[in-house]
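**Student:** Need coordinates for the below:
(chains A and B)
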Amino acid sequence: MNEPSIDLDAACVDFPIFDAKTRSLKKSVLGRAGGRIGTEAKVPIIEALRDITIALRKGDRVALVGHNGAGKSTLLRLMSGIYEPTRGRAAVRGKVAPIFDLAVGMDPEISGLENIIIRGLFLGMTRKEMEARVDDIAEFTELGDYLSMPLRTYSTGMRVRLALGVVTSIDPEILLLDEGIGAVDAEFLAKARDRLNELVERSGILVFASHSDEFLADLCDTAIWMEHGTIREFGPLRDVLHHYKGRDVLADHPVHGLHKPAHEDAAS
Amino acid sequence: MDDSTAGRARPVIADAPGSRSWARAFGDLRQGWQQRALWGHLGWQDIKQRYRRSVLGPLWISISMGVIALGLGLLYSLLFQVPLAEFLPHVAVGLLIWNFVSGCILEGSEVFIANEGLIKFLPAPLSLHVYRLVWRQTLFFLHNMVIWVILMIVFPHPLGWSLLLAIPAFALLAINGGWIAILSGILATRFRDIPPIIGSVVQLVFYLTPIVWSVDFLSNNPGVQERARLVELNPVFHFLEILRRPLLGQETVWRYWYVVLAITVVGWAVGLVCMRNYRARVAYWV
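**Tutor:** Residues are numbered from 1 along each chain as shown, chains lettered A, B, ... in the order given. Predicted structure coming up:
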């Protein structure tokens, strides 16, 4: 049995920035006839991620922190296989379940139930497998009769419930969460937290990008601090958050996770 | 190190080991095929979506097609003074096939651009979107076949065993739809001027292809007899003929099949090379 793993080795993600001029054929065709014009022949590049080297193994529960534009979402997409590194290597083994954008892959015109099945199909399940899980998901999401309503009638929080219900039911090995699951109420979040903890305990790796220290403390034990597309620091969640925020934000936060950080035990 | 973060201009180098390999290109096509439950469902969804809340639903596909075929058939049979019983089936079946071919080409160039959200947010093989497109066009075509059935009842044709050739002929059309969507889809994602170019070329090709006119009528006219033969240079003509002839009970001309087979092989070779080299770039380009 292969255990899930994420291995990034000096991985870079460079985005070419095509403006209207460079993206069009005119440039390539006419440009060739007229010869190269200085630097205009080059496409500007944004290095979204640079020299990312990291190895994650089963049981790792990693928080991604950093300022807007630091590369958190891009790193998650690199881990999910959406972006293949432009330089370096990325090897991801295991069934990946991403929750990045809740609207994508969901059809607002069809019912919640149908959306559950489509989501599952996108994540590599078969129709039969999804039909077997529908009741379980319905129960978890607590949406009841709403599941037969078109998705456009749902609130953001209800959509989050649906998306979380699907990914946690399909036994993914690698769960990648981008911020945005904050829209659910506290009670449901507690339930989701238990389920996510169970899931990670059972089989996998969790990487969670968020600006909420509480969520992160609930679900993660280690953290990656991203800055300007590179890893600034990788270590225990509390230490990294301490350095990132400049103060020990988790000093009096109860630790929910199954793995208590070592320093927490020492303190008590 | 801080100066190198954003906006630094460098040429694009995609030298990630493994990204540009045949294994990954074929792997993408295979994985996509394995997810046929998904694109099968999405293809249906696309059709239902278009006719949601309308009373007749997808029947509108057949009706609107039928109206156009009837109108054009009437118009041109009057203009060219040919019997309607002969010309209407010719126009209608030609339009059916043309709709499939042009649908694959036109939507093919938009296939990745239109699915930008899915490509950026859900990891899935690129070929998934191509299969979905060809499947959707196939469903449109099957809806439109109702018109052919009606025509065959109204204007009986001597259909023989050669009618069975329609099945491999359509399969060849669908297989070619695959490489066209991959090739034009990837090119159009990189160069956004491609879709309008393809749009105007397709419109031109419609008139160059004997759909609302017929090669046979021209062949009887000694003045343009020679020029009419130039239609053989139009690749769409061959695709049209391999499917239209069995559907109208005309004799099989194998020359058209050879041309189509050759285009299939060459087209897929080019499509696969494109897939191998630029598959991993599409997520960056959309």
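
**Student:** In three-state terms, label the closest residue to A:Gly66 other than its chain neighbours for me.
**Tutor:** Of all residues not flanking A:Gly66 in the chain, A:Met226 sits nearest, at 3.6 Å (Cβ to Cβ, 6 or more residues apart in numbering or on different chains). In this view, the C-beta of every residue, glycine as well, is placed from N, C-alpha and C. Secondary structure for A:Met226, judged by DSSP: H, G, I helix; E, B strand; the rest coil, is strand.

**Student:** Check A:Glu47 too.
**Tutor:** strand.

**Student:** Mind pulling up the pLDDT for it?
**Tutor:** Note for A:Glu47: predicted pLDDT of 87.

**Student:** swap in A:Ala41?
**Tutor:** 49.

**Student:** related to what we said a few turns ago, neighbours of the residue nearest to A:Gly66, how many?
**Tutor:** Per other Cβ atoms under 10 Å in any protein chain shown, the neighbour tally for A:Met226 reads 26.

**Student:** go on, B:Ile97?
**Tutor:** 24.

**Student:** Whether the host helix or strand of it contacts chain A - can you check?
**Tutor:** For B:Ile97, the host element (DSSP states H and E) is helix B:84-109. No: using Cβ under 8 Å from any Cβ of the partner chain, helix B:84-109 stays clear of chain A, coming no nearer than 12.8 Å.

**Student:** For the residue nearest to A:Gly66, which residues are in contact?
**Tutor:** A:Leu64, A:Val65, A:Gly66, A:Ala70, A:Gly71, A:Lys72, A:Leu75, A:Arg232 (Cβ atoms under 8 Å, 6 or more residues apart in numbering or on different chains).

**Student:** measure it to chain B for me?
**Tutor:** Remark: distance between A:Met226 and chain B (Cβ to the nearest Cβ, to the nearest Å) = 12 Å.

**Student:** what about the helix holding B:Ile97, average pLDDT?
**Tutor:** 93.

**Student:** quick one, helices of chain B?
**Tutor:** In chain B, the helices defined using DSSP state H lie at B:22-34, B:36-50, B:59-80, B:84-109, B:111-114, B:116-121, B:127-154, B:166-190, B:194-208, B:215-219, B:225-228, B:235-247, B:254-278, B:282-285.

**Student:** For A:Pro44, find the nearest of those helices.
**Tutor:** helix B:282-285 (13.4 Å; Cβ to Cβ).

**Student:** so, in contact with chain A or not, that closest one?
**Tutor:** Yes: Helix B:282-285 comes into contact with chain A (Cβ under 8 Å from any Cβ), by way of B:Ala283, B:Tyr284, B:Trp285.

**Student:** who wins for neighbours among the residues you listed?
**Tutor:** Neighbour max across the residues of helix B:282-285 next to chain A (other Cβ under 10 Å) = B:Tyr284, 22 neighbours.

**Student:** That residue is in contact with A:Phe15, isn't it?
**Tutor:** Yes: contact criterion Cβ atoms under 8 Å: B:Tyr284 and A:Phe15 qualify, at 6.0 Å.

**Student:** By proximity to chain A, which residue of the stretch 51-200 of chain B wins?
**Tutor:** B:Phe121 (4.0 Å; Cβ to the nearest Cβ).

**Student:** got the contact list for the closest residue to that residue other than its chain neighbours?
**Tutor:** Excluding the flanking residues, the one nearest B:Phe121 by Cβ to Cβ, 6+ apart is A:Val104, at 4.0 Å. Neighbour list for A:Val104: B:Gly117, B:Leu118, B:Lys120, B:Phe121, B:Leu122 [criterion: Cβ under 8 Å, 6+ apart].

**Student:** Give me the three-state assignment for A:Val104.
**Tutor:** Secondary structure, three-state DSSP: A:Val104 is coil.

**Student:** measure it to A:Phe122 for me?
**Tutor:** 9 Å (Cβ to Cβ, to the nearest Å).

**Student:** what sits in contact with each of these two?
**Tutor:** Here A:Val104 and A:Phe122 have B:Leu122 as joint contacts, going by Cβ under 8 Å, 6+ apart.

**Student:** now A:Ser155: how far from chain B?
**Tutor:** Distance from A:Ser155 to chain B, by Cβ to the nearest Cβ: 20 Å.

**Student:** hmm, back to that, ok and the helix holding B:Ile97 relative to helix B:166-190, angle-wise?
**Tutor:** Going by axes from the mean of the first three to the mean of the last three Cα atoms, to 10 degrees, helix B:84-109 is angled at 40 degrees with respect to helix B:166-190.

**Student:** Could you check helix B:84-109 and say which residues are buried?
**Tutor:** B:87-105, B:107-109 (16 or more other Cβ atoms under 10 Å in any protein chain shown).

**Student:** Run the chain-centre distance for it.
**Tutor:** Computed by Cα atoms, centre = their mean, to the nearest Å, the chain-centroid distance of helix B:84-109 equals 10 Å.

**Student:** Skipping adjacent residues, who's closest to A:Asp136 in space?
**Tutor:** Nearest to A:Asp136 is A:Ser169, by Cβ to Cβ, 6+ apart, at 5.7 Å.

**Student:** I figured the one you found hits A:Glu139, correct?
**Tutor:** No: with contact defined as Cβ under 8 Å, A:Ser169 does not reach A:Glu139; the gap is 10.1 Å.

**Student:** Mind checking which of these two has more residues around it?
**Tutor:** Neighbours were counted for A:Ser169 and for A:Glu139 using other Cβ under 10 Å; A:Ser169 has more, 23 against 11.

**Student:** What count of nearby residues applies to the residue in the stretch 151-286 of chain B positioned nearest to chain A?
**Tutor:** Residue nearest to chain A within the stretch 151-286 of chain B (Cβ to the nearest Cβ): B:Ala280, separated by 4.1 Å. By the criterion of other Cβ under 10 Å, B:Ala280 has 23 neighbours.
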